[in-house]
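Trainee: give me a model of this one.
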Amino acid sequence: MTPLTTQALVPVLTFAGLVAVVAGLAVVLIRRAVRGAGPRRWVAAAGGVVCVAVLGVAVWVLLQLTADQPSNAALARVSTVHPPFRPLLEPASPPAGFPRVRTTSQDGMQPGTVLITTSTTPRPTDTTVFHPPFLAEVDKATGDIVKAQRMYAMASMFQPEPGGRYSYNVVDRNGRSGAGFHVTHYVTDDRLQVLEQFDLDDLEGGDADLHDFELLDNGNALLLAYRRRQVDLSAYGGAADAIVYDPVVAERTPEGRTVWLWDGREHLDLDDVPPVNVELKLQAQPPAVADYAHPNSLELYDDGDVLLSVRNYDCVHRIDRETGDIVWTFGGVNCADNEFDISGDPYDGFSHQHDATLLDDGNILLFDNGNLHDPPRSRAVEYAIDEQAMAAELVWSHEDGRFTGYFGSAERLDNGNTLISWGALHDPLVTEVTPAGERVFTLSLPPGQRTYRAYQGATH
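Mentor: Next up, the predicted model:
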């Protein structure tokens, strides 16, 4: 049996105590209804029926928490009421329902752990086995589970933070077509006990999004978010009363105060949406929502500017924190406002990218999903950026002939290797490669399992 943290044990015992009280009250009321007479008998009977109904709901909730294939909607509601209601596994042994992990490692691998989230694809096949979602920290050398936490709602990110802390997120409410989720981000100690939480519940027409979270040195956090509004998209072949998701970036304090906000609708032009996404997004009919931008990563420059990846534009933008203006735009052949001359890249840039990050030398590393390449091909790529000459040179890339249309990440490690998550693929799901492209670590999950990103954890 998985031991529970105090944080999870308290609500479990409280819930069990309330169930016992209601059960006792139901017994008393039913006995009074059987033995009584007159109006009081009917009042007692009605009270007994209510208590039995409450007990039925409570038993149903407990079954959902322990089922092999629980109702995602029910578990999301439980998680919303009390997000820390999740068991933390220690020591290193797989918890019930955890998908089988296979790892291989070779000399030259960066020692330590890898952090992932696991979830079962919403598009299962005959070979897919359902597993509940988890956060997991896996020892790269042995494949042992160092930490695992059962999630009662989807989580997309589990990442290390300074000082031995972690952060993860929980989807409080599902969105549509990969966007529009309501999310809460949590910062924890080394035992995954929640220390702080960040959300954007007070954002009019929107909320925090699941695609990225950046904890800042000042204790605040940089959040991706979205905001809904009604737009006439008939000029693009869409609906006159369409609802769109506008991208938002916000800096938020732990106390829940927004100290900086960038509203994408003031800076992005619908005319710049690539033609393939005009058909897929802007022409979607209600109740579908036009997720025309789909921002999916952000990172902070030393001067405070923000590097923002906008997947559906095939672009990354540098945003001036003081003015909110877009300093420059960099992207592939489908990025309408690309300002860089790209050299050394056989694909002439990236497509539908994820996880654009800044390296110490100013280069940009990202996961190129490659949806619009011909043929579609995914890879990790690094570009040297010359902002004076407005030139971008491909200086490193890695691909192995595979394609994953969504999810994915690339992280440059201390030893110069690159940790790559292949998102929706399962064998292997995560790889580590040397600068020469030699694979020195792999992590695989069963078919149908996926992870949004992978992060290097502690080095032992």
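
Trainee: the stretch 201-350 of the chain: strands as residue ranges?
Mentor: Taking DSSP state E, counting those that start in this stretch as the test, the strands found in the stretch 201-350 of the chain are 206-215, 221-231, 242-252, 258-263, 295-300, 306-310, 315-319, 326-331, 341-343.

Trainee: any idea how far residue 292 lies from residue 284?
Mentor: Per CB to CB, to the nearest Å, residue 292 is found 10 Å from residue 284. Backbone N, C-alpha and C define where each C-beta goes, glycine included.

Trainee: for residue 425, same thing?
Mentor: Residue 425 sits 27 Å away from residue 284, going by CB to CB.

Trainee: cool, residue 440 as well?
Mentor: 43 Å.

Trainee: ok, now residue 110?
Mentor: Using CB to CB, residue 110 is found at 43 Å from residue 284.

Trainee: repeat that for residue 375.
Mentor: To residue 284, residue 375 is 26 Å away according to CB to CB.

Trainee: what mean pLDDT would you report for whichever strand or helix holds residue 26?
Mentor: Per DSSP states H and E, residue 26 falls inside helix 6-35. For helix 6-35, mean pLDDT is 66.

Trainee: start at 798 instead
Mentor: Let's use 798 as the start, then, which means that last one is helix 803-832.

Trainee: for whichever helix or strand comes after it, name the packing helices and strands.
Mentor: Under the assignment DSSP H and E, the closest C-terminal helix or strand after helix 803-832 is helix 836-863. Under the contact definition 3 or more CB pairs under 8 Å, 6 or more residues apart in numbering; DSSP states H and E, helix 836-863 sits against helix 803-832, helix 869-878.

Trainee: for the chain, which spans come out with low pLDDT?
Mentor: 798-813, 826, 830, 832-835, 837, 858-891, 972-975, 1257 (pLDDT under 70).

Trainee: quick one, domains of it?
Mentor: Per automatic domain parsing, the structural domains of the chain span 803-863, 894-1253.

Trainee: just those domains: most buried one?
Mentor: A comparison of those by mean neighbour count, using mean count of other CB atoms under 10 Å, puts domain 894-1253 on top with a mean of 19.

Trainee: and that one, how far out from the chain's middle?
Mentor: 8 Å (CA atoms, centre = their mean, to the nearest Å).

Trainee: quick check: end-to-end length of that domain?
Mentor: Domain 894-1253 has an end-to-end distance of 24 Å (CA to CA, to the nearest Å).

Trainee: ok, which stretches of the stretch 948-1097 of the chain are helices?
Mentor: Remark: helices assigned in the stretch 948-1097 of the chain by DSSP state H, counting those that start in this stretch are 1072-1074.

Trainee: contacting residues for the residue nearest to residue 1212 when sequence neighbours are not counted?
Mentor: Using CB to CB, 6 or more residues apart in numbering and skipping the chain neighbours, the partner closest in space to residue 1212 is residue 907 (4.9 Å). Residues near residue 907 by CB atoms under 8 Å, 6 or more residues apart in numbering: 937, 1210, 1211, 1212, 1214, 1216, 1229, 1238, 1253, 1256.

Trainee: what's opposite residue 1154 in the beta bridge?
Mentor: Following DSSP bridges, residue 1154 is listed with bridge partners residue 1162.

Trainee: correct me, but it touches residue 1207?
Mentor: Yes. Between residue 1154 and residue 1207 a contact is recorded at 7.4 Å, counting by CB atoms under 8 Å.

Trainee: what touches both of the two?
Mentor: The contact lists of residue 1154 and residue 1207 share 1162, 1163, where a contact means CB under 8 Å, 6+ apart.

Trainee: export only the CA atoms of stretch 1022-1039, formatted as PDB.
Mentor: What follows is stretch 1022-1039, C-alpha atoms only, in PDB (Å, rounded to 0.1, in the frame of the first residue of the first chain):
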ATOM      1  CA  ALA A1022      -2.800  32.200 -20.000                       C
ATOM      2  CA  TYR A1023      -5.600  32.800 -22.400                       C
ATOM      3  CA  ARG A1024      -8.600  35.000 -22.600                       C
ATOM      4  CA  ARG A1025     -11.900  34.400 -24.500                       C
ATOM      5  CA  ARG A1026     -13.600  37.000 -26.700                       C
ATOM      6  CA  GLN A1027     -16.200  37.000 -29.500                       C
ATOM      7  CA  VAL A1028     -14.900  37.900 -32.900                       C
ATOM      8  CA  ASP A1029     -16.400  38.100 -36.400                       C
ATOM      9  CA  LEU A1030     -14.300  35.600 -38.400                       C
ATOM     10  CA  SER A1031     -16.500  35.600 -41.500                       C
ATOM     11  CA  ALA A1032     -13.700  37.300 -43.500                       C
ATOM     12  CA  TYR A1033     -11.700  34.100 -42.900                       C
ATOM     13  CA  GLY A1034     -14.500  31.800 -43.700                       C
ATOM     14  CA  GLY A1035     -15.400  31.300 -40.100                       C
ATOM     15  CA  ALA A1036     -18.500  32.200 -38.000                       C
ATOM     16  CA  ALA A1037     -19.700  35.700 -37.400                       C
ATOM     17  CA  ASP A1038     -20.100  34.900 -33.700                       C
ATOM     18  CA  ALA A1039     -16.900  33.000 -33.200                       C
END
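
Trainee: would you agree residue 1082 is in contact with residue 1036?
Mentor: Yes. If you go by CB under 8 Å, residue 1082 and residue 1036 touch, sitting 5.5 Å apart.

Trainee: just to revisit the earlier point, may I see the strands of the stretch 998-1147 of the chain organised as TSV, with distance to residue 1183 added?
Mentor: Formatted as TSV, the strands of the stretch 998-1147 of the chain follow (distance: least, CB to CB, whole Å):
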stretch	distance to residue 1183
strand 1003-1012	25
strand 1018-1028	26
strand 1039-1049	25
strand 1055-1060	25
strand 1092-1097	19
strand 1103-1107	16
strand 1112-1116	13
strand 1123-1128	11
strand 1138-1140	9
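
Trainee: residue 1195 against residue 1179, yeah?
Mentor: No. Judged on CB under 8 Å, residue 1195 makes no contact with residue 1179 at a distance of 9.2 Å.

Trainee: enumerate every residue touching residue 937.
Mentor: If you count contacts by CB under 8 Å, 6+ apart, residue 937 has them with 900, 902, 906, 907, 908, 909, 910, 911, 1229, 1238, 1240.

Trainee: quick check: the fourth one vs residue 1253, distance?
Mentor: When distances are taken as CB to CB, residue 907 and residue 1253 turn out to be 6 Å apart.

Trainee: next: the last one.
Mentor: Separation of residue 1240 from residue 1253 (CB to CB) stands at 12 Å.

Trainee: what does the first one give?
Mentor: As defined by CB to CB, residue 900 lies at a distance of 14 Å from residue 1253.

Trainee: same check on residue 1189?
Mentor: Taking CB to CB, one finds residue 1189 at 26 Å from residue 1253.
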